[in-house]
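[1] Sequence first, predicted coordinates after that:
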Amino acid sequence: MSEREEALKAIAAANAVVGELCEGHRQWIMSIPARPDFDPDLVIGNALHLAEKMIRALEAQLAHEEAENAVSEELIKRSRTRIAALEARAEARVCEWTLDDPDFGAWHTGCGHLFEFIADGPSENGAKFCQYCGGTLNALTGGASA
Ligand SMILES: [Zn+2]
């Protein structure tokens, strides 16, 4: 039985005992030896103890979740800022590619690399960004190998 179920069961038992006491069906007795499942003081005391324990556990869990949420929100905020900065940087930077040799499909990148497509050029292969510098790819010969 979970702690929650145990606390709810104890509270239900305490309510039943209180009801029986109020209606005169039971007397406020303390047994010797004590009977935790029967003596009103023990049944009610146990319910109060478990209810307090549950409330304290829920408070601790809530505080933990709030702390985690604050960390998550901060990470999301920082990530959004970083993404916006990267998008702005990528939009601002253009890498101009020039076709080196139409017979081989080799391209010189604006950032100093040589890249060869197996077939066709950047636009036919869906290349929109330079894989070396991250800049927006601008194929100066129109994008297709001649
Ligand atoms: Zn580049």
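    Cool, the structure landed.
[2] Check the average confidence over the lengthiest helix in the chain, would you?
    Longest helix in the chain by number of residues (criterion: DSSP state H): helix 40-92. What helix 40-92 shows for mean pLDDT is 94.
[3] Kindly export the helix or strand encompassing residue 138 (C-alpha atoms) in CSV.
    If you go by DSSP states H and E, residue 138 is part of strand 136-139. In CSV, the C-alpha atoms belonging to strand 136-139 read as follows (Å, rounded to 0.1, in the frame of the first residue of the first chain):
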residue,chain,number,x,y,z
THR,A,136,23.9,30.7,-45.9
LEU,A,137,25.1,29.0,-49.1
ASN,A,138,25.1,31.2,-52.2
ALA,A,139,26.1,29.2,-55.3
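[4] Would you tell me which residues of this structure are close to the ion?
    Taking Cβ under 5 Å from the ion, the part of the chain that reaches the ion is made up of 95, 109, 111, 130, 132, 133, 135. Any C-beta I mention is one placed from the backbone N, CA and C, and that applies to glycine too.
[5] correct me, but the third one touches residue 131?
    Think residue 111. No - at 10.0 Å, residue 111 and residue 131 do not qualify as touching, with contact defined as Cβ atoms under 8 Å.
[6] Could you check which of these two is surrounded by more residues?
    A direct count of neighbours by other Cβ atoms under 10 Å for residue 111 and residue 131 places residue 111 higher, at 14 against 11.
[7] How is the protein partitioned into domains?
    3-88, 93-139 (automatic domain parsing).
[8] if we can go back for a sec, what helices or strands is the strand holding residue 138 leaning on?
    strand 94-101 (3 or more Cβ pairs under 8 Å, 6 or more residues apart in numbering; DSSP states H and E).
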